[in-house]
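**Q** Okay, here's the prediction I keep looking at, along with the sequence it came from:
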Amino acid sequence: MATLLHGSFGNYMVSVRMPGSAGSCSKYTPKWKMAFVQIYCSRAFQLPKPKLRSLKPQGVRPKPTSFTAIPIDEDDNRADHSTFSTSPSELSSVVKERKLDPLKQLGGVEHLASVLQTDTSAGIAGDPDDVSRRQRAFGSNTYKRPPAKGLFHFVVEAFKDLTILILLCCAALSLAFGIKENGIDDGWYDGGSIFVAVFLVIAVSSLSNFRQSRQFEKLSKVSGNIQVEVVRDSRRLQVSIYDIVVGDVVCLKIGDQVPADGLFLDGHSLRVDESSMTGESDHVEVNRNSNPFLVSGTKVADGYARMIVTSVGMNTMWGEMMSSISRDETEQTPLQVRLNKLTSSIGKVGLAVAFLVLVVLLVRYFTGTTKDENGNPEFVSGVSTSDDIINAVVDIVATAVTIVVVAIPEGLPLAVTLTLAYSMKRMMVDQAMVRKLSACETMGSATTICTDKTGTLTLNQMKVTRFWVGKDPITNNGYSSVSKNILDMIREGIALNTTGGVFRAGTEFEFSGSPTEKAILSWAVMELNMDMEVEKQNHAILQVEAFNSQKKRSGVLIRRISDGTVHTHWKGAAEMVLAMCSSYYDASGASRNLDSDGMAMIENIIQGMAAMSLRCIAFAHKRASEDTMEDDGLTLLGLVGIKDPCRPGVKGAVEACQQAGVSIKMITGDNVFTAKAIATECGILRAGEDELTGAVVEGVEFRNYTPDERLKRVEKIRVMARSSPFDKLLMVQCLKQKGHVVAVTGDGTNDAPALKEADIGLSMGIQGTEVAKESSDIVILDDNFGSVATVLRWGRCVYNNIQKFIQFQLTVNVAALVVNFVAAVSSGDVPLTAVQLLWVNLIMDTLGALALATERPTQELMERAPVGRTEPLITNVMWRNIAAQAAYQIYVLLTLQFSGEAIFGVSEKVNRTLIFNAFVLCQVFNEFNARKLEKKNVFEGIHRNKLFIAIVFVTVVLQAIMVELLKKFADTERLTWGQWGFCIAVGAMSWPIGFIVKFVQVPERNIFSHLKTLRKKLTRTIA
């Protein structure tokens, strides 16, 4: 920039920036003409000395009442900086360097705030124009994400699958042998069809994984859309982290994520966990004097503060780091791992059978057992030519390849992918956001749910309904009977010992903070006429101890400006604060000694409120002689009871979980009486269950048990009151040692260890801190226990749908494998060609997976006991169903193979078509049986699954096309109406067979576990 023309004419100002070189002027000619006309017509202008843009202290020039600027710059976008005397790079270096000297040279935090046109108390203006102006000048709070994996990436990954590689080898061999034997015109069908089938499987699985990847990206954006509390135009607002702009004043509290780089404005006891940036686990203290730097992506571990944002998005260290990191969406769930092993095992069995068939057929051929069409041996030593031998061996190898093809269940991994993707999408609609894919299926195995009370079982809509001063209850109309001095001290304690805020808009008030804070502030303002701003102006805060779930209290040390006296105020759980008191005030303002009788009286008041399901909060005070906070010898000011009603429907959700065999345990920080009242109201605690039966314990009692005692008693516990996060973690560990699959709900920062330790961590989307959400597997978006029950239902549905498809798939594979094996060994030929078998596998795998994977959860899922941690994937019930259907299909198909021509008086080719058609229609009808593993009525609820009906219809239509129109490709013959009727009748018989076989009772214990036990016994005997 060579020079700056700057002219001020009344209420107008013309600002012209000159390009640095004459050669660059030509492209600005139109703008220069416009500027010249403006300047010339004004008849007056000044040429001030060039001003260097700097952050050094200087007076802030008042903005004219009307302002018009004509920007002429090398880059039009930089005109947005004209209202700020700084640039993004200068601001970002302030926090990145983390040195105090450069900050002091720039005039400190206060001057930086004035440069950013921020009022440190009222924040920025916050109107759309102001926010837009700041985003243009300094960027938005987003970062460039690495390019998403494209469809081609998933295609390449699919080709690496061992099953696919085996099929491709089979296709190549089949293609080569087919062309060798029948020529290229007719010999490519088998091999070509295998290639087509493989590529179709690859296309479907790749597309499914690609869509799942996109779904993960959407979920990632949703989970990253954190709500941040900011001050704009004197109001505390919740805005998206993406809408944070440079200059914003952000309010931070325990558990919050620092949303952008910035500087500490004011606050107390702020400690930040910077492990995400530095790897150091120690918490760093942040304050105004020695370390005012706050880095985006870090977490608030303790205290509270307000910060001013100096850099956002890609100008922050977090943005630079995250732009180079891509989330791995290729996580394999435990169920997928187990299914991959199952697929591999079945493939190995197929290879073994194929090898056995190969050996048997070769032996039959070379011993002369195999006969030709005329009944003569195909191989005669010394007579058969080498060409005849090669053709025969090629035929035999092709038969073995066909058996390999039919043995491999390509659809199993696809079914899992489809089921998980579908359930994730539906769970999002049902207010549950899945962060880890494995949680979908693990939740179905949950045996115990440890839940919070506040906001999960209750509405989290709190209101003060009781107020006591000493032993006197104060009604809404009775505040005049309370000493003015007592009310003044209560107002003082509430206004200064809080992380909440009050904003007045005319006659209306807006309250911010936690639900408890908002309830107390609302009561103090509306009932006690507290003016928060006046209280803050009349006092100086010296020290703060922020509330945490361990101590369940918060305190503040203040100095009254009017007389210079120092006072301590404490607020928290009533029994915690009461234990710190040695006296109490009565309504007249007189101080009374808190002896054993007085203590018992106050405790009875607390218990009475707790029995009414009220959360009891106490206020205490002490005049301090020194500038140190004291936590003993306090005087009790008063007690309030806060009502938080149970959520509608929570009792039904609890009963549904209990009916499903899932134990519900409530773990709360409230006292034992409040906890018992809420637990009874929600149905967690039944009549007769209390401390004496071991169903109710306090955290300290559970903590002090010996390890053996804890393991002995943990299953009986229904309610744990006055618990700390450590107690919750201890309970989760004990339950897991007892073999339980544990789900835990949590919303606080200190809940993170328990959420991580649990098999399924469920964080709260509304009240949950960012630390809790990041430690969890599923985020409950509406904080409702009813949604936890819905997640349980979906988890069971995922597991159940996979089992349905496994039963269906294995029936297909077992029947086809046995029929082809028996036919090959006995006659040297297979009734089902490679094309036909691939057609069955392809249609049944892809469409069958889609039909069975999209079944919605049903009530019957919640009537079963939970699936254990080591429960086998294929149960005895499934083996029973597979055996019955496969045996029927094998019997019918082998009967047709050996006697079909004689029974129907048809040619060999028509008979083969009958076998193929009957086999496919058996699978179509068996698909209905697979819908219900144990229930006899397989049609229940089918009208609600329109996709299932559509898939069955499409399958039948495609089969008709295959038989009637694609004769040459499928090696089929057209069938008569009578023959079609026979095939349909054969398929329909699977319905009554499926119905009858479900009357057969099977043992609970899996058959293979018996075999393992027997093998161990034999091993011991031999040893």
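**A** Cool, the structure landed. All values derive from a computational prediction rather than experimental measurement.
**Q** Name the next helix or strand downstream of the biggest helix by length in the chain, please.
**A** Counting residues, the longest helix in the chain under DSSP state H turns out to be helix 785-827. Going down the chain from helix 785-827, the next helix or strand is helix 834-842, by DSSP states H and E.
**Q** other SSEs contacting the helix or strand following that following helix?
**A** Sequence-wise, the next helix or strand beyond helix 834-842 is helix 848-853, with elements assigned using DSSP H and E. If you count contacts as 3 or more C-beta pairs under 8 Å, 6 or more residues apart in numbering; DSSP states H and E, helix 848-853 packs onto helix 411-429, helix 785-827, helix 908-930, helix 946-964. For glycine as for every other residue, the C-beta is placed from the backbone atoms N, C-alpha and C.
**Q** angle of the longest helix of the chain against helix 834-842?
**A** Put simply, helix 785-827 runs at 160 degrees to helix 834-842, going by axes from the mean of the first three to the mean of the last three C-alpha atoms, to 10 degrees.
**Q** Specify the angle between helix 785-827 and helix 411-429 in degrees.
**A** Between helix 785-827 and helix 411-429, the angle comes out at 170 degrees (the same axes, to 10 degrees).
**Q** Rounded mean pLDDT for helix 785-827, please.
**A** The average pLDDT within helix 785-827 is 87.
**Q** what's the answer for stretch 555-563, then?
**A** 92.
**Q** Check stretch 686-697 too.
**A** Confidence for stretch 686-697, expressed as mean pLDDT, is 84.
**Q** In it, which residues are buried?
**A** 689, 695-697 (16 or more other C-beta atoms under 10 Å).
**Q** I'd like these laid out as CSV, including distance to residue 233.
**A** Converted to CSV, the buried residues of stretch 686-697 look like this (distance: C-beta to C-beta, whole Å):
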residue, distance to residue 233
689, 53
695, 52
696, 49
697, 49
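**Q** Can you tell me which of those residues lies closest to residue 863?
**A** residue 689 (23.7 Å; C-beta to C-beta).
**Q** For residue 910, which residues are in contact?
**A** 904, 973, 975, 979 (C-beta atoms under 8 Å, 6 or more residues apart in numbering).
**Q** For those, work out which two are farthest apart.
**A** 904 and 973 (12.2 Å).
**Q** Redo the contacts of residue 910 as JSON lines? Include secondary structure.
**A** Output for those, formatted as JSON lines (DSSP: H, G, I helix; E, B strand; the rest coil):
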{"residue": "904", "secondary structure": "helix"}
{"residue": "973", "secondary structure": "coil"}
{"residue": "975", "secondary structure": "coil"}
{"residue": "979", "secondary structure": "helix"}
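**Q** got the residues you listed as CSV, with neighbour count, distance to residue 247 and pLDDT columns?
**A** Output for these, formatted as CSV (neighbours: other C-beta atoms under 10 Å; distance: C-beta to C-beta, whole Å; pLDDT from 0 to 100):
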residue, neighbour count, distance to residue 247, pLDDT
904, 16, 87, 89
973, 18, 80, 90
975, 19, 78, 92
979, 19, 81, 94
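**Q** from these, which is closest to residue 851?
**A** The closest of the contacts of residue 910 to residue 851 turns out to be residue 975 (C-beta to C-beta; 25.3 Å).
**Q** What distance do you get for that closest one to residue 966?
**A** The spacing between residue 975 and residue 966, counted by C-beta to C-beta, to the nearest Å, is 13 Å.
**Q** now stretch 746-764: mean pLDDT?
**A** For stretch 746-764, the mean per-residue pLDDT is 84.
**Q** How far does that stretch sit from its chain's centre?
**A** Its chain's average C-alpha position is 13 Å from that of stretch 746-764, according to C-alpha atoms, centre = their mean, to the nearest Å.
**Q** Send me that stretch as PDB with only the CA atoms.
**A** Extracted in PDB, the C-alpha atoms of stretch 746-764 (Å, rounded to 0.1, in the frame of the first residue of the first chain):
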ATOM      1  CA  GLY A 746     -24.000 -39.400  32.800                       C
ATOM      2  CA  ASP A 747     -24.000 -35.700  32.100                       C
ATOM      3  CA  GLY A 748     -21.100 -34.300  34.200                       C
ATOM      4  CA  THR A 749     -17.400 -34.000  33.500                       C
ATOM      5  CA  ASN A 750     -16.700 -36.300  36.500                       C
ATOM      6  CA  ASP A 751     -18.900 -39.000  35.000                       C
ATOM      7  CA  ALA A 752     -16.400 -39.500  32.200                       C
ATOM      8  CA  PRO A 753     -14.500 -42.400  33.900                       C
ATOM      9  CA  ALA A 754     -17.800 -44.300  34.500                       C
ATOM     10  CA  LEU A 755     -19.000 -43.600  30.900                       C
ATOM     11  CA  LYS A 756     -15.700 -45.000  29.500                       C
ATOM     12  CA  GLU A 757     -15.600 -48.000  31.900                       C
ATOM     13  CA  ALA A 758     -19.200 -49.000  31.000                       C
ATOM     14  CA  ASP A 759     -20.000 -51.300  28.100                       C
ATOM     15  CA  ILE A 760     -22.300 -48.600  26.800                       C
ATOM     16  CA  GLY A 761     -21.900 -45.000  27.900                       C
ATOM     17  CA  LEU A 762     -25.000 -42.800  27.400                       C
ATOM     18  CA  SER A 763     -24.500 -39.100  27.800                       C
ATOM     19  CA  MET A 764     -27.200 -36.400  27.900                       C
END
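**Q** In that stretch, which residues are buried?
**A** By 16+ other C-beta under 10 Å, the buried positions in stretch 746-764 come out as 746-764.
**Q** among these, which are in helices?
**A** 752-757.
**Q** sorry, back to before: of the helices and strands packed on helix 848-853, which is nearest residue 263?
**A** helix 411-429 (37.7 Å).
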